[in-house]
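Visitor: the sequence isn't on hand, but the structure is:
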């Protein structure tokens, strides 16, 4: 089973969607239950979804299952157009924005952000990759 399915089974669909919308595609640390505070991102993310105090019950389930683990939260169903997001990611990367922040802002996974940064390429709408400017040319364009 995937992490999304595991999350739904343990904390429910509403909480899973809220967490994925807030931090989907990012690498997150899940603390031990005793280390949660009212200002922790997990509690802050779950608060609007539940009545007062219920977010703590859901957070307890999450932190007991994935205590002290680092997870890459899955993208929720809200993931957007990849081509536009890749261009936006490259713009943000050129401004020195961290990979985790780019994943949060664009909805891309951290792995995709790292891959795009490494390649420095954008997939064009026709799905053809632009040539890597670091590579030489094998054939001259004048040759027929």
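Guide: Looks like it came in fine. On a predicted model such as this, the values are computed, not experimentally measured, just so you know. Numbering: from 1, shown residues only.

Visitor: quick check: closest non-adjacent residue to the residue nearest the centre of the chain.
Guide: Nearest to the geometric centre of the chain sits residue 25, at 1.4 Å (CA atoms, centre = their mean). Closest residue to residue 25 apart from its sequence neighbours, by CB to CB, 6 or more residues apart in numbering: residue 109 at 3.9 Å. To be clear about C-beta, it is placed using only N, CA and C from the backbone, and glycine gets the same treatment.

Visitor: before we move on, the earlier item: that's a helix at the residue nearest to the centre of the chain, yeah?
Guide: No. Judged by DSSP: H, G, I helix; E, B strand; the rest coil, residue 25 forms no part of a helix; its state is coil.

Visitor: residues of stretch 19-31 that come out buried?
Guide: Neighbour-count burial for stretch 19-31 flags 19-20, 22-26, 28, 30-31 (criterion: 16 or more other CB atoms under 10 Å).

Visitor: may I ask which helix or strand of the protein has the lowest mean pLDDT?
Guide: helix 82-94 (a mean of 64; mean pLDDT, DSSP states H and E).

Visitor: what's the following helix or strand after it?
Guide: helix 99-106 (DSSP states H and E).

Visitor: buried stuff in that next one?
Guide: 99, 102-104, 106.

Visitor: counting by contacts, list what the helix or strand that comes right after that helix packs against.
Guide: Where DSSP H and E defines the elements, the next helix or strand beyond helix 99-106 is helix 110-119. Applying 3 or more CB pairs under 8 Å, 6 or more residues apart in numbering; DSSP states H and E, we find helix 110-119 packed against helix 82-94, helix 99-106.

Visitor: other SSEs contacting the last one?
Guide: Spelled out, it's helix 99-106. Short answer (3+ CB pairs under 8 Å, 6+ apart): helix 99-106 packs on helix 82-94, helix 110-119.

Visitor: quick one: it to chain centroid distance?
Guide: 7 Å (CA atoms, centre = their mean, to the nearest Å).

Visitor: cool, thanks, signing off.
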